[in-house]
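Asker: below: sequence and its predicted model.
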Amino acid sequence: MVPDPQSPSSNGAQISPFIELGRADWAALAPSMPTPLRETEIVQLRGLGEPLDLREVAEVYLPLSRLLNLYVGGTKSLHDVTSEFLRERVESTPFVIGVAGSVAVGKSTIARLLRELLARWEHTPHVELITTDGFLFPNAELERRGLMARKGFPESYDRRALLRFVSEVKAGASEVRAPFYSHLAYDIVPDAQVTVRRPDVLIVEGLNVLQPPGPGHRLAVSDLFDFTIYVDARTSDIARWYEERFLKLQRGAFANPRSYFHRYASLTEAEARQRAREIWHTINEPNLLQNIRPTRSRASLVLRKGADHTVSNVLLRKL
C-alpha cells in the first residue's frame, strides 16, 4: 500500500516520493520528549473503539507534533526573510494543516490530539480545529438534490464555502465563521457557527480535504494547505472498525430520542451488524475507493495503521 505515484528507475526498482519509516524508527527520532498529556486527557480525546494510549502518543504523535512545529517555525522564518527582501512588514498568516482519511479510520481523534500537542510547543500556542462536516449541505438541500444517499461524497459539500473560509483564514482575517454541524441531528444547525480568530495553526479535518480542483475550477481547498496528513489502513480493517463503532453508537448515542439514527436503537446485534455492513458497502466503501484513497498520494505525510488501530509506519514526502 505504498502511496502512488511510483515509477521504476533505470534498474527496475520502484521510486517513491516518500521516505518510509517503521514505528520503531519513527519513535527513535524523539527519544527524550516528555509527553505533555495525562492519561485522562487522552481518554477524552480518544474516539470510539480506538486504543489510543500514552505509548501511542509518545511514539507516534509527539514526534509528529514536533515535526509540524518545525515546519511552522520554518514557514515563519521564510516569511521574515521574504518580508525583509520585499522591504515590507506584513504579518504572517496561519499555518494550515489538512487531515484526510476514511470514515472510522481515526482521523478525527488524530486531529484533536494534534491540536492539543501543537499548543504545547513554541511558535504554536494558539491552535484551532475545524471539521468539514460543517460545510455539508443541509439535509433539506441534499434531499432536494437527491444526494442524501451520497452524504460525505465530494458533491455533498459546499466546496465554494469551504474554499472561501480557508482563503479568509490564510489571508489573515481577524475572525472567520463556519457553519456548525450536529452529529446528533445529523445536520447543519441553523444560526449556529464556529468562529476562528487568527490562530497560529488551523487544522482542517475531513474525508475529502485532499481533493484536487473539480472540473471547471482552478483552485481547491487542498491548494491552501501548508502540510497534509492522510490516515491510511486496509479497507477490510476500516470496515471492521466501522461496524464496531456502529454497534457502540447503537447502544449509546442512537438511544437518544433526538438522534437522527434513533430508529436503529431497537435493532438486535445481528440486525445492527447487517445494517452497518449495508451502509459501509453502499456508501462508505465506494466513497473511500472512488474519492478518498486516490488523494493519498497528495499528502505530505501518511500514517499507516495496522489491524489493531495503531500506527505501524510513517511515510514522509521527500523535500
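Answerer: Thanks, I have it.

Asker: who touches Asp80 in this structure?
Answerer: With contact set as Cβ atoms under 8 Å, 6 or more residues apart in numbering, Asp80 has no partners. (Glycine included, C-beta is placed from N, CA and C.)

Asker: mind listing the strands for the stretch 151-300 of the chain?
Answerer: With strands called from DSSP state E, counting those that start in this stretch, the stretch 151-300 of the chain shows them at 176-182, 187-196, 201-205, 227-232.

Asker: what does the shortest one rub up against?
Answerer: The contact list for strand 201-205 (Cβ under 8 Å, 6+ apart) reads 68, 72, 94-100, 107-108, 111, 114-115, 118, 124, 126-132, 166, 169, 196, 221, 225.

Asker: go on, the longest one?
Answerer: The contact list for strand 187-196, computed with Cβ under 8 Å, 6+ apart, reads 128, 130, 134, 136-139, 169, 175-182, 202, 260.

Asker: give me the angle between that strand and strand 176-182.
Answerer: 150 degrees (axes from the mean of the first three to the mean of the last three Cα atoms, to 10 degrees).

Asker: please apply the same query to the last one.
Answerer: Inter-element angle recorded for strand 227-232 and strand 176-182: 20 degrees (by the same axes, to 10 degrees).

Asker: report the buried members of the contacts of strand 187-196.
Answerer: 128, 130, 134, 136-137, 139, 169, 176, 178-179, 181, 202, 260 (16 or more other Cβ atoms under 10 Å).

Asker: can you tell me which two in these are farthest apart?
Answerer: Val169 and Tyr260 (29.7 Å; Cβ to Cβ).

Asker: grab the longest helix from the protein for me.
Answerer: helix 62-86 (DSSP state H).

Asker: quick one: that one to chain centroid distance?
Answerer: 22 Å (Cα atoms, centre = their mean, to the nearest Å).

Asker: now swap in stretch 58-74 and tell me
Answerer: That offset, for stretch 58-74, works out to 16 Å (Cα atoms, centre = their mean).

Asker: check the spatially most central residue of the chain and give its pLDDT.
Answerer: With distances taken as Cα atoms, centre = their mean, the residue of the chain nearest its centroid is Val99 (2.7 Å). According to the predicted model, the pLDDT of Val99 comes to 98.

Asker: same check on Arg317?
Answerer: Confidence score, pLDDT, at Arg317: 96.

Asker: filter the contacts of strand 201-205 down to the ones in helices?
Answerer: Using DSSP H, those in helices are 68, 72, 107-108, 111, 114-115, 118, 166, 169.

Asker: what's the closest of those to Tyr61?
Answerer: When the ones in helices among the contacts of strand 201-205 are compared against Tyr61 (criterion: Cβ to Cβ), the nearest one is Leu114, at 6.7 Å.

Asker: distance of the closest one from Arg55?
Answerer: As judged by Cβ to Cβ, to the nearest Å, Leu114 and Arg55 stand 17 Å apart.

Asker: and what of Leu247?
Answerer: 26 Å.

Asker: those two: who's more crowded?
Answerer: Leu247 (18 against 12; other Cβ atoms under 10 Å).

Asker: which residues touch the more buried one?
Answerer: Here Leu247 is in contact with 269, 272-273, 276 (Cβ under 8 Å, 6+ apart).

Asker: ok, so of the residues you listed, who is nearest Gly216?
Answerer: Distances from Gly216 to those, taken by Cβ to Cβ, are shortest for Ala276, at 36.7 Å.

Asker: just give me the neighbour total for the closest one.
Answerer: 22.

Asker: so it makes contact with Phe246?
Answerer: Yes - between Ala276 and Phe246 there is a contact under Cβ atoms under 8 Å: 3.8 Å.
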